[in-house]
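Colleague: Next input, structure requested:
(chains A and B)
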Amino acid sequence: SAVISQKPSRDICQRGTSLTIQCQVDSQVTMMFWYRQQPGQSLTLIATANQGSEATYESGFVIDKFPISRPNLTFSTLTVSNMSPEDSSIYLCSVGRDRQETQYFGPGTRLLVL
Amino acid sequence: AQSVTQPDIHITVSEGASLELRCNYSYGATPYLFWYVQSPGQGLQLLLKYFSGDTLVQGIKGFEAEFKRSQSSFNLRKPSVHWSDAAEYFCAVGVGGFKTIFGAGTRLFVKA
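Modeller: Below you'll find the model as predicted:
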């Protein structure tokens, strides 16, 4: 498994501002992922962040809105830009491990945009 | 199209009763199958996974799941539910390249 931490754990932000979420892993991993979980919903993959390459975004998510950094094998950030109330969600990072493609999740960042 | 269906949005069981949460998937090959649990205010914790071999897999917290290829199902079971099991449960399918598709989730309520 992996021990994953996220900062901040929660935040309340004003519309139009940006928030950067950090994800730290206790060991080196190649693949990191960012998910969004809207209230009462399941998880939706935002992007895959591999070290040394540009993040790969899923349909409906764009780099200008959700820029991602992956400076090394244990750390990644997701920025939620120009926020609106619709961005109120839980944002989770995960890492991919083992050949069975198991994902391990961080505790999530709970974001409320007013 | 690849999909995961959890037909029960919520389930209520009495403490000590048995539990079965249903999961069906749509995928052309045998996928990797997972069950995750999300307690209130928490992230997702892996309960168990199936990738090959014995179709009955054991997980943490006394949970087990059975893969039935003919039914494209991967139902989660527990013989005796504890109040601490109240949470949201997600079935997920790995379809390659670490791409994981999650079901909508089933919220479990446990009554005394």
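
Colleague: Contacts for the helix or strand of chain B with the lowest mean pLDDT next, please.
Modeller: Comparing every helix and strand of chain B by mean pLDDT, DSSP states H and E singles out strand B:100-102 as the least confident one, with a mean of 91. Taking contacts as Cβ atoms under 8 Å, 6 or more residues apart in numbering or on different chains, the residues outside strand B:100-102 that touch it are A:42-43, A:45, A:101, A:103, B:2-4, B:25, B:34, B:36, B:90-95. (Glycine included, C-beta is placed from N, CA and C.)

Colleague: One more: stretch A:20-31?
Modeller: Stretch A:20-31 is touched from outside by A:2-8, A:32, A:34, A:48-51, A:73-80, A:91, A:93, A:95-97, A:106, A:109, B:98, with contacts defined as Cβ under 8 Å, 6+ apart.

Colleague: List buried residues within these.
Modeller: When neighbours are counted using 16 or more other Cβ atoms under 10 Å in any protein chain shown, those contain these buried positions: A:2, A:4, A:6, A:32, A:34, A:48-51, A:73-74, A:76-78, A:80, A:91, A:93, A:95-97, A:106, A:109, B:98.

Colleague: Point out the ones among those residues that are inside helices.
Modeller: Within the buried ones among the contacts of stretch A:20-31, no residue falls in helices by DSSP state H.

Colleague: Report the beta-bridge partners for A:Asn72.
Modeller: Taking DSSP bridges, one finds A:Phe75 as the beta-bridge partners of A:Asn72.

Colleague: Tell me the neighbouring strands of the one helix or strand in chain A whose mean pLDDT sits lowest, and mark each as parallel or antiparallel.
Modeller: Lowest on mean pLDDT, DSSP H and E among the helices and strands of chain A sits strand A:102-105, with a mean of 89. Take DSSP bridges as the rule and strand A:102-105 pairs in its sheet with strand A:89-97 (antiparallel).

Colleague: tell me the mean pLDDT for the strand it pairs with?
Modeller: With pLDDT averaged residue by residue, strand A:89-97 scores 92.

Colleague: CA atoms of it as PDB?
Modeller: The C-alpha atoms that make up strand A:89-97 are tabulated as PDB, following Å, rounded to 0.1, in the frame of the first residue of the first chain:
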ATOM      1  CA  SER A  89     -16.300  19.000  -4.300                       C
ATOM      2  CA  ILE A  90     -13.900  16.600  -2.700                       C
ATOM      3  CA  TYR A  91     -10.600  16.400  -4.600                       C
ATOM      4  CA  LEU A  92      -8.700  13.200  -4.100                       C
ATOM      5  CA  CYS A  93      -5.300  12.100  -5.300                       C
ATOM      6  CA  SER A  94      -4.400   8.500  -5.700                       C
ATOM      7  CA  VAL A  95      -1.400   6.500  -6.700                       C
ATOM      8  CA  GLY A  96      -1.200   3.400  -8.900                       C
ATOM      9  CA  ARG A  97       0.500   0.400  -7.500                       C
END
